[in-house]
Structure formats: C-alpha cells, structure tokens
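A.B. asks: I'd like to go over a predicted model; first the sequence, then the structure.
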Amino acid sequence: MTQPAPINEAEALQAVEAARASLALALDTLRIARGQPHDEECRACGGTGKDPLSGLMSASTEEQACDSCTGTGRTKKAFPLIVTNLKMTGSALQPSLFKPQATWVSVRPCDEALKGKTFLGWLLGEIASGLYAQMTADGTLQVSMGYHNPAIFVPELGKVVFGYESWWAAINSPDDLRRISDTDINNVWYVRALRDLESAAASKQQASSPNAVSE
C-alpha cells in the first residue's frame with residue numbers, strides 16, 4: 001500500500017486554510033438559504049453606532065463613532081470560528097485576600113431555608129466562581145478563571161458557602177466561637193475547634209506572661 005507523501009508545515013497550513021474557506025462558503029450558502037442576514041447588531045455599542053465610552057474617557061462630550069462597527073451599528077458575522085489551541089489561565093483556588101488569613105470563621109448564610117442559623121466553617125481561600133473566554137487572531141481560545149470570592153467549607157452543611165452569599169467573620173479566640181448563636185455547640189466540630197482555640201490562647205498567654213522563663 002502506497003503511503004501518502006509527507007508535507008511540510010506550510011503546505012499543512014495551506015490545507016487548513018482551504019478547508020476553512022470551504023466551510024465558510026458552505027455556512028454562507030446555508031445562511032442565504034435560511035434567509036439569515038450576513039451581519040448582526042454590533043455587540044460593542046448595542047447597535048447605536050456610538051462609542052459606549054464617549055464622555056467617560058475624555059472631557060469632550062461630543063459623541064464618537066463606535067470603533068467596532070465604524071458607526072454603522074452592524075458588524076459582519078464571522079464564520080466559522082476555528083479553535084486551533086486552548087489555553088487555560090488563572091487558578092481555581094488562591095490564598096485569601098483577607099489578612100491575616102483565618103482558619104476558623106463563623107458564617108451565617110443568606111439562604112432563607114437555614115433561618116438565620118450561624119455555623120462554624122473553615123476559610124479555604126479564594127475560589128473562582130466563573131470563567132471568561134477570548135479568541136485570539138491565531139485561533140487560540142483563552143479561558144481564564146476569575147471572579148474569585150472567599151470560600152468557606154461548612155462541615156455541618158457539607159458544602160462550600162461563598163462570602164457573597166453569607167455574613168461571615170474570622171474567629172480568633174474562644175470567645176468569638178462562643179458567640180455563634182442558634183448552633184448546637186456539642187457538635188464534634190465545634191468541640192474540637194473550641195479545644196484548639198483554648199489551647200492556643202493558653203499557650204499565648206503563658207508565653208506573654210512576665211514570669212515566663214526563656215531558655
């Protein structure tokens with residue numbers, strides 16, 4: 001069986017471009033058959049043809065034409081969009097922006113079903129709650145993780161509660177933990193946390209005592 005002759009990168013790129021053009025023509029033909037327009041409302045200006053940033057970026061109040069559609073309010077549909085590479089950026093979990101970063105926090109979710117109950121939780125850090133994507137000229141689809149928000153794991157609920165959907169505060173002492181209201185303090189997680197905090201507070205007090213002997 002005869003093997004196909006090898007081709008170089010330039011020839012491969014030409015083949016890809018030819019396939020892209022052929023697909024674009026087929027899609028254009030299908031659009032015409034369906035009676036669909038070749039252009040669409042400009043997403044940048046919302047079809048007004050005016051620069052949405054006019055008056056914001058300069059002192060001039062004179063309205064400028066939208067750069068994306070050159071003032072027409074319409075942009076040509078670009079078909080097809082071919083992804084040649086995928087690039088992920090950003091991290092799903094990053095350190096909390098709140099300093100010092102606390103391990104224990106009290107959190108009261110805004111969920112009405114929980115009836116204003118306050119829970120003990122662990123501040124995990126900042127977790128991405130969304131994604132956004134952008135296509136570059138070379139066909140690379142850049143997907144970035146963003147919209148980071150404090151994430152708190154609540155053992156009693158068995159789930160993560162975000163900062164934007166709750167009221168929460170850091171717990172730095174046993175007194176802070178005791179202030180958690182409407183909660184079963186006999187829960188094993190709370191007992192363990194209380195003991196840890198009491199032990200840490202006692203060690204700190206002992207270390208700062210004027211009678212403490214330094215080795």
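C.D. replies: Perfect, I can see it now. Numbering: from 1, shown residues only.
A.B. asks: who's in contact with the spatially most central residue of the chain?
C.D. replies: The centre of the chain sits closest to Gly146, judged by CA atoms, centre = their mean, with a distance of 2.6 Å. If you count contacts by CB atoms under 8 Å, 6 or more residues apart in numbering, Gly146 has them with Gly90, Ala128, Gly130, Leu131, Tyr132. Where you see a C-beta, it was placed from the backbone N, CA and C, and this is true even at glycine.
A.B. asks: counting contacts, what elements does the top strand by length along the chain pack onto?
C.D. replies: Longest strand in the chain, counting residues (DSSP state E): strand 119-135. Under the contact definition 3 or more CB pairs under 8 Å, 6 or more residues apart in numbering; DSSP states H and E, strand 119-135 sits against strand 93-94, strand 104-109, strand 140-154, strand 159-162, helix 188-208.
A.B. asks: Show residues contacting stretch 44-51.
C.D. replies: The contact list for stretch 44-51, computed with CB under 8 Å, 6+ apart, reads 41-42, 52, 63-69, 71-74.
A.B. asks: Quick check: which of the helices and strands packed on strand 119-135 is nearest to Ala10?
C.D. replies: Checking the helices and strands packed on strand 119-135 against Ala10 by CB to CB gives strand 140-154 as the closest, at 19.8 Å.
A.B. asks: how far does the closest one sit from the chain's center?
C.D. replies: 3 Å (CA atoms, centre = their mean, to the nearest Å).
A.B. asks: State the mean pLDDT of the helix or strand hosting Gln14.
C.D. replies: Assigned by DSSP states H and E, Gln14 belongs to helix 9-34. Average pLDDT, helix 9-34: 83.
A.B. asks: same question, stretch 140-157
C.D. replies: 90.
A.B. asks: Can you list the buried residues in it?
C.D. replies: Residues Leu141, Met145, His148, Pro150, Ala151, Ile152, Val154 are the ones in stretch 140-157 that count as buried (16 or more other CB atoms under 10 Å).
A.B. asks: tell me the contacts of the spatially closest residue to the last one that is not a sequence neighbour?
C.D. replies: The one in question is Val154. Leaving aside its sequence neighbours, Val154 sits nearest to Gly121 (CB to CB, 6 or more residues apart in numbering; 4.4 Å). Each residue near Gly121 by CB under 8 Å, 6+ apart is listed here: Trp104, Val105, Ser106, Val107, Ile152, Phe153, Val154, Pro155, Val161, Trp168.
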